[in-house]
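Enquirer: Provide a 3D model corresponding to the input given below.
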Amino acid sequence: MKPFIANLLSRACITVQHDHTLRQVAGILSGNNIGAVPVLDDTGHLAGIISERDLVRTMTEKITLDTGTAADLMTRQLVTASSDISSSELMTLMTQHKIRHIPIVDGQKLRGIVSIGDVVKRLLEKLETETEQLRHFINS
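Expert: So this is what the prediction gives:
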């Protein structure tokens, strides 16, 4: 497992159940300052993902925040990755699929989630390290 992914998987992964109301999902997203959350089924397996954008869709549908559930709006066709993926591979997946969050899974077990912010932060860390190495090389 790459150190980048190992570090991300060491943090708690916030999830919701498929039967949570959309109001509950919105509260979890807002309360944790996150843009998407994995949705689990009754067996604890990853069933989908729901994002702020999905919640905005309720404005154009007959679903309300109090009557709709996570299962009603979640994305079911998931792009996932295993824990041995690199940050650059994640960036490629996010770009190809035009998504901002990728659940990390081992088999059917959810291990965590990576956001585009996590990947950009890692890219900046790499660039800063390379810049520092070049400065050191030039000055020595």
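Enquirer: Can you give me the separation between residue 68 and residue 15?
Expert: When distances are taken as Cβ to Cβ, to the nearest Å, residue 68 and residue 15 turn out to be 18 Å apart. The C-beta positions use only the backbone N, C-alpha and C, and glycine is treated the same way.
Enquirer: quick one: low-confidence ranges for this protein?
Expert: Within the chain, no range satisfies pLDDT under 70.
Enquirer: where along it do the strands fall?
Expert: Secondary structure of the chain (DSSP state E): strands located at 16-17, 36-40, 46-51, 101-106, 109-115.
Enquirer: what are the C-alpha coordinates of stretch 62-77, in PDB please?
Expert: Listed in PDB are the C-alpha atoms of stretch 62-77, where the atom choice follows Å, rounded to 0.1, in the frame of the first residue of the first chain:
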ATOM      1  CA  LYS A  62     -40.400  15.200  -6.900                       C
ATOM      2  CA  ILE A  63     -38.200  13.900  -4.100                       C
ATOM      3  CA  THR A  64     -38.000  16.000  -0.900                       C
ATOM      4  CA  LEU A  65     -35.300  16.100   1.700                       C
ATOM      5  CA  ASP A  66     -37.700  14.500   4.200                       C
ATOM      6  CA  THR A  67     -39.200  11.800   2.100                       C
ATOM      7  CA  GLY A  68     -36.300  10.900  -0.200                       C
ATOM      8  CA  THR A  69     -33.600   8.500   0.900                       C
ATOM      9  CA  ALA A  70     -29.900   8.100   0.100                       C
ATOM     10  CA  ALA A  71     -30.800   5.100  -2.100                       C
ATOM     11  CA  ASP A  72     -33.100   7.300  -4.200                       C
ATOM     12  CA  LEU A  73     -30.300   9.600  -5.300                       C
ATOM     13  CA  MET A  74     -27.100   7.800  -4.800                       C
ATOM     14  CA  THR A  75     -24.800   7.000  -7.700                       C
ATOM     15  CA  ARG A  76     -24.800   3.200  -8.100                       C
ATOM     16  CA  GLN A  77     -22.400   2.700 -10.900                       C
END
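Enquirer: Fine by me, thanks again.
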